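>>> Provided below for reference: sequence and predicted model.
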Amino acid sequence: MPYLEVAGDRLHYRTDGDAAHPCVVLSNSLGTDLSMWDAQAAALAADHYVVRYDARGHGQSPAGSAPVDLARLGQDVIALLDHLHIDRAAFCGISMGGMTGQWLGIHAPQRFTRLVLANTAARIGSADGWLTRAAQVRQDGMAAIADGAAARWFTPAFIEREPAIVARLVDRLRQQDAGGYAACCEALAHADLRADVASIAVPCMIVAGLSDPVTTPADGAWLQQQIPGARLTTLPASHISNIEAGAAFSALLRAYLE
Ligand SMILES: O=C(O)CC1=CCC(=O)O1
């Protein structure tokens, strides 16, 4: 699996498909890793160069020693594009990955052809909530929050229907490095793009999960109203909609990238 060095740290990534095809970068949510995109990578790789990476502090990408902020998460994507000699790409990020996408649309619009901002918001949760969660995992490890994850990520119906898929994601969360997870909670505590998203001039599709309790359909609608020309699509899913409504998500993404 390839890595690149960025800001003195290691970023783990994976590519699928032919580098001659249009590139799409996929960015994971808090507590997951690049494997969350397996279905979308499989659906896109015949005619796209699919680049996915473990967000800093996740999977095989360590958080590094410096505090993590949204700018660092965004600059990691630019470093990855530079490393792969890709001038412009489409970007699809979910939740924290969707916030990274907003940052990129604000600060590096020339590098992106389209943004797909899934299950995200310009401000997710509250600073207090994120700092409490960071302190909890730093003190007690990932087990302290892993048990509650499924209910934040999926609808009860999906949890009942697909226990193996849910268990795999929650197991990965349990194995996640607590320091890396906490560093990204701290980044989210300070991330607030509400005053800036109206400046995004990259074509955008916002995807909201109709049953998402974390980044609600109202959050998605607000983003759509703020970002000029953005379109909003909803899926019958909770927060991790690319897994809960995987086929519909992949079809949407394919259609939007055409
Ligand atoms: O709290 C969660 O696990 C859901 C979530 C919030 C931001 C993110 O990326 O995932």
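Yes, it's here.

>>> how about the helices in the protein?
38-44, 70-83, 96-107, 127-140, 143-146, 149-153, 156-161, 163-175, 178-190, 217-226, 241-244, 246-257 (DSSP state H).

>>> who wins for proximity to V51 among those?
The closest approach between V51 and any of these, judged by Cβ to Cβ, belongs to helix 70-83 at 6.7 Å. Any C-beta I mention is one placed from the backbone N, CA and C, and that applies to glycine too.

>>> buried sites along that closest one?
For helix 70-83, the neighbour count (16 or more other Cβ atoms under 10 Å) marks 70, 72-77, 80-81, 83 as buried.

>>> So for W153, what's the nearest residue that isn't a sequence neighbour?
I240 (4.6 Å; Cβ to Cβ, 6 or more residues apart in numbering).

>>> which ones are touching G209?
By Cβ atoms under 8 Å, 6 or more residues apart in numbering, the contact list for G209 reads 119, 215, 217, 234-239, 241, 244-245.

>>> Dig out what the closest residue to A89 other than its chain neighbours forms beta bridges with.
Residue nearest to A89 in three dimensions, not counting chain neighbours: C23, with 3.9 Å by Cβ to Cβ, 6+ apart. Bridge pairing for C23 (DSSP bridges) gives the partners Y49.

>>> Relative to the ligand, how far out is C23?
Separation of C23 from the ligand (Cβ to the nearest ligand atom, to the nearest Å): 23 Å.

>>> Do I have it right that that residue meets F91?
No. Using Cβ atoms under 8 Å as the test, C23 is too far from F91 to be in contact (9.3 Å).

>>> Could you check which of these two is surrounded by more residues?
F91 (28 against 21; other Cβ atoms under 10 Å).

>>> Just confirm the more buried one contacts P109, I think it does.
No. F91 is beyond contact range of P109, at 10.9 Å (criterion: Cβ under 8 Å).

>>> pLDDT value on the most centrally placed residue in the chain, please?
The chain has G97 as the residue nearest its centroid, 2.3 Å off, counting by Cα atoms, centre = their mean. According to the prediction, G97 has pLDDT 99.

>>> Quick check: closest non-adjacent residue to it.
Leaving aside its chain neighbours, G97 sits nearest to S27 (3.2 Å; criterion: Cβ to Cβ, 6+ apart).

>>> Enumerate the beta-bridge partners assigned to the one you found.
Listed beta-bridge partners, S27: Y53, G93 (assigned using DSSP bridges).

>>> ok now do it, which residues does it touch?
S27 makes contact with 52-53, 55, 77, 91-94, 96-98, 100-101, according to Cβ under 8 Å, 6+ apart.

>>> So which residues on the stretch 151-258 of the chain come close to the ligand?
Contacts of the stretch 151-258 of the chain with the ligand, taken as Cβ under 6 Å from any ligand atom, map to 152, 214, 239.

>>> cutoff 5 Å now
Contact residues (Cβ under 5 Å from any ligand atom) of the stretch 151-258 of the chain with the ligand: 152, 214.

>>> and if you look at the stretch 1-150 of the chain?
29-30, 95-96.

>>> now these in JSON lines, with neighbour count?
Formatted as JSON lines, those follow (neighbours: other Cβ atoms under 10 Å):
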{"residue": "S29", "neighbour count": "26"}
{"residue": "L30", "neighbour count": "25"}
{"residue": "S95", "neighbour count": "27"}
{"residue": "M96", "neighbour count": "27"}
